[in-house]
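1. Predicted model and sequence follow; I will ask about them next.
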Amino acid sequence: MTLPTIHLLSTDQYPSLIEQLARYHQPSSSQMLGWFLQTGHSSIDTLGRAKVYSTHPDPTFLPTDEPVVIMINSFHRLQVYVSTEPLLDNCGSISDTMKKHAVDRDWASEKVPRYCDGNDSIQSLYKRSVEVLESALLQLTNEWPDNEILLHGISIMWQPLLNVLYDVVSYNPCHLFCKPAEIVETGLGSPYTISKIDPDDLKIVVEKNKILYDSEYVKDCFRISTAMRYNGELVAWGYTHRDITIGGLHVLPEYRRRNLASVVVRDLCNKQAQFLLDVGPHADTVKYYVQGFVELSNVGSASLFERLGFEKSGLGTAWTVIVPRKQA
């Protein structure tokens, strides 16, 4: 198998790639697709600032049965998508070994573990995909020796490879929850008011976040957001990340167990769905998805998303910080 060279895509090629991701790769591709669709709308990013690479020079070539790797380089933050992920996500029976390793955070130094029980063709596809991804990653990350690199929302199926190639500084695995983008009733009215998060709320939203994001980034996420207030006080909220995923979901402790989180998620998803239907190509015929991530250990939040009609997609997604190993 000849391993491909990575190609830098021009911004003129993005629309063709977006169409492929939208038509044939959702929901596996929805996070990367969301990043592309928000480009030009986000105030913290501009078209062409990040660099987009592919292992194939033609962005219209993105088959699900042959691996093509897309990588978005945003200054030591990499988003990675492999075109075979839809088939691998839906192979039928992801092996217990893969599921156990994902939870235990221990991959036993296997670059290509058994991925799917009883399906040799899927295992062969997984192996070929790992080989292409390995080549693509090394071509790019070898440019950054000794630097930490955040792999942003990479499928957990590629974590065994990462553990073999790099020193892993941190690994945060999450369930990926998806559901079709549509407008639904939010429920729950008076005495609560629903609006967007106000810039004046920035301090409390940043402080209550589990992850300490940069304030300017969080403020930009308020463009598509939901705020619930009681007598003018902010009591529950959620916002939209750069890649159109649900973020910052929080309810003040004294207002919990009142169904506020469900209302926030429904309202926020309505706003995200409207954005996707407004800017996504061929939205009249292409099904788009809203999505959220829940840490594997967070049973309560997982139950919330399931009650709201979300379904888990694939093995899950991880935020992994790596450091390239020094060459001997």
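-> Thanks, I have it.
2. What are the boundaries of the helices in this protein?
-> Taking DSSP state H as the criterion, the chain contains helices spanning 14-24, 30-38, 85-89, 96-104, 120-141, 159-165, 202-208, 215-221, 260-279, 299-307.
3. what would those look like in a markdown table with mean neighbour count, distance to Lys111 and mean pLDDT?
-> All C-beta spots, glycine's among them, are computed from the backbone N, C-alpha and C. Formatted as a markdown table, the entries for the helices of the chain read as follows, by neighbours: other Cβ atoms under 10 Å; distance: least, Cβ to Cβ, whole Å; pLDDT from 0 to 100:
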| stretch | mean neighbour count | distance to Lys111 | mean pLDDT |
| --- | --- | --- | --- |
| helix 14-24 | 18 | 27 | 97 |
| helix 30-38 | 24 | 24 | 96 |
| helix 85-89 | 21 | 15 | 95 |
| helix 96-104 | 15 | 12 | 83 |
| helix 120-141 | 18 | 6 | 95 |
| helix 159-165 | 20 | 5 | 94 |
| helix 202-208 | 14 | 39 | 94 |
| helix 215-221 | 17 | 34 | 93 |
| helix 260-279 | 20 | 36 | 96 |
| helix 299-307 | 15 | 29 | 95 |
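4. Which one, of these, ends up nearest to Tyr171?
-> Across the helices of the chain, Tyr171 has its closest neighbour in helix 159-165 (6.9 Å, Cβ to Cβ).
5. which residues touch the closest one?
-> 101-102, 107, 109-113, 130, 133-134, 137-138, 151, 154, 168, 171, 173, 318, 320, 322, 325 (Cβ atoms under 8 Å, 6 or more residues apart in numbering).
6. List just the one of the helices of the chain that sits closest to Ser313.
-> Taking those one by one with Cβ to Cβ, helix 85-89 is closest: 6.0 Å.
7. And the closest one, what does it pack against?
-> If you count contacts as 3 or more Cβ pairs under 8 Å, 6 or more residues apart in numbering; DSSP states H and E, helix 85-89 packs onto helix 120-141.
8. again, only using 10 Å
-> Counting by 3 or more Cβ pairs under 10 Å, 6 or more residues apart in numbering; DSSP states H and E, the packing neighbours recorded for helix 85-89 are helix 120-141, strand 149-155.
9. Could you save the ones you listed as a markdown table and add columns showing distance to Ser30?
-> Formatted as a markdown table, the entries for the helices and strands packed on helix 85-89 read as follows, by distance: least, Cβ to Cβ, whole Å:
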| stretch | distance to Ser30 |
| --- | --- |
| helix 120-141 | 19 |
| strand 149-155 | 10 |
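10. picking that back up, of the helices of the chain, which approaches Gly247 most closely?
-> helix 215-221 (6.1 Å).
11. Which residue, other than its chain neighbours, is closest to the residue sitting furthest away from the middle of the chain?
-> In terms of distance from the mean C-alpha position of the chain, Asn231 ranks first, at 35.2 Å (Cα atoms, centre = their mean). Setting aside the residues directly before and after it, Asn231 is nearest to Pro191 in space (Cβ to Cβ, 6 or more residues apart in numbering), at 7.5 Å.
12. from memory that neighbour sits against Leu260, does it?
-> No - because the distance of 11.9 Å does not satisfy Cβ atoms under 10 Å, Pro191 is recorded as not touching Leu260.
13. got the angle for the biggest strand by length in the chain vs helix 299-307?
-> The strand of greatest length in the chain, counted in residues with DSSP state E as the criterion, is given as strand 166-180. The directions of strand 166-180 and helix 299-307 differ by 40 degrees, with axes from the mean of the first three to the mean of the last three Cα atoms, to 10 degrees as the criterion.
14. Give me the angle between strand 166-180 and helix 96-104.
-> 100 degrees.
15. What is the neighbour count of the closest residue to Phe75 other than its chain neighbours?
-> The spatially closest residue to Phe75, leaving aside those adjacent along the chain, is Ala50, at 7.7 Å (Cβ to Cβ, 6+ apart). By the criterion of other Cβ atoms under 10 Å, Ala50 has 16 neighbours.
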